[in-house]
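Asker: need a structure here:
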Amino acid sequence: MPLSRTLGSITVTALTDGEGAFFQPRQEAFPHATAEQWREADRRDPSSVTADGQWWLPFRSFAIRAGDGPVTLVDAGIGPADAPAASWAPVPGRLPAELAAAGIDPADVDTVVLTHLHSDHIGWAVTGTPAQPYFPNASYLLQRAEVDAAETLSPGLPAGLITPLRAAGQLRVVDGEAALTPAVRLLPTPGHTPGHQSVLLTTADERMLLTGDLLVHTVQLVDPDLPYAHEEDPETARKSRTNLLRTLHDSPT
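Answerer: Residues are numbered from 1 along each chain as shown. Here you go, the predicted structure:
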């Protein structure tokens, strides 16, 4: 059964589409991290390191649901066997089974927030030939800056993802911050990609931040200034990360 946490009336369920060792040594993914920082990261999250020192990476989506209402899904995983992430991630993913175990039918999903357009976050967004939205009743939310950058992120993205979503009338483009509900907000956090976005949940006395790839490893909580080798703009990503963490730390719930 997928892990879940309740904030007020909202249940957030972590759905693991797949997991495996990262394709490169973690010291190359975070070349400025020190041995001391790695020790602290491993202490905080021992499940993220293998016995031989590799980065063990779960590929997750998150389902947000208030009561028995419609579902907001944050990210769409690595996808089936023929998904774009197949060249480096452990496909096929198991998101359909994870959704079923959480009692969620794809038709229950009315919003899909794609934090960004890297292949391990869009795998189940559209599937099949010809490509069709996997979640038939959902609006798919992307920042305009991400849509505008799709061709540069991957030449196949416009035809493989953007066009099918537009054709189905299911693409929703947003500019900057946006409220999905009184408790759920989109926050632009660019840098990893030009239009990267995060999702902030706020209830009366709790908050939860779903970061996409704003934060990809606990070592970046040990030191949020640490760059990740696969950021499009490391300095902008650093500012997004540190500014948001500082804002959340300094502001009351």
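
Asker: quick check: Gly156 vs Leu95, distance?
Answerer: 21 Å (CB to CB, to the nearest Å). Yep, even glycine has a C-beta here, placed from its N, CA and C like the rest.

Asker: out of these two, which sits in the more crowded spot?
Answerer: Neighbours were counted for Gly156 and for Leu95 using other CB atoms under 10 Å; Leu95 has more, 26 against 12.

Asker: per-residue pLDDT of the more buried one, please?
Answerer: We have a pLDDT of 98 for Leu95.

Asker: doesn't Trp124 make contact with it?
Answerer: Yes: counting by CB atoms under 8 Å, Leu95 touches Trp124, with 5.2 Å between them.

Asker: shared neighbours, the two?
Answerer: Asp17, Ser61, Ala76, Gly77, Gly79 (CB atoms under 8 Å, 6 or more residues apart in numbering).

Asker: contacts for stretch 229-248 next, please.
Answerer: Residues contacting stretch 229-248 (CB under 8 Å, 6+ apart): 24, 28-31, 153, 187-194, 196, 198, 200, 207, 209, 214-215, 220, 224-225, 227-228.

Asker: what do you get if the cut-off is 7 Å, keeping everything else the same?
Answerer: The contact list for stretch 229-248, computed with CB atoms under 7 Å, 6 or more residues apart in numbering, reads 28-29, 31, 187, 189-194, 207, 209, 214-215, 220, 224-225, 227.

Asker: stretch 134-147 now?
Answerer: 73, 106-107, 109-114, 116-117, 124-127, 162, 165, 170-175, 186, 188, 190, 193-195, 197.

Asker: and those residues, which are buried?
Answerer: Buried members of these, scored by 16 or more other CB atoms under 10 Å, are 73, 106, 109, 111-114, 116-117, 124-127, 162, 165, 170-171, 173-174, 186, 188, 190, 193-195, 197.

Asker: so which of those residues belong to strands?
Answerer: Using DSSP state E, the members of those that fall within strands are 73, 109, 111-113, 126-127, 171, 173-174, 186, 188, 197.

Asker: okay, these in JSON lines with pLDDT and distance to Ala138 next?
Answerer: Converted to JSON lines, those look like this (pLDDT from 0 to 100; distance: CB to CB, whole Å):
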{"residue": "Leu73", "pLDDT": "98", "distance to Ala138": "7"}
{"residue": "Val109", "pLDDT": "98", "distance to Ala138": "5"}
{"residue": "Thr111", "pLDDT": "98", "distance to Ala138": "6"}
{"residue": "Val112", "pLDDT": "98", "distance to Ala138": "5"}
{"residue": "Val113", "pLDDT": "98", "distance to Ala138": "10"}
{"residue": "Val126", "pLDDT": "98", "distance to Ala138": "11"}
{"residue": "Thr127", "pLDDT": "97", "distance to Ala138": "13"}
{"residue": "Leu171", "pLDDT": "98", "distance to Ala138": "10"}
{"residue": "Val173", "pLDDT": "98", "distance to Ala138": "15"}
{"residue": "Val174", "pLDDT": "98", "distance to Ala138": "15"}
{"residue": "Leu186", "pLDDT": "98", "distance to Ala138": "15"}
{"residue": "Pro188", "pLDDT": "98", "distance to Ala138": "21"}
{"residue": "Gln197", "pLDDT": "98", "distance to Ala138": "16"}
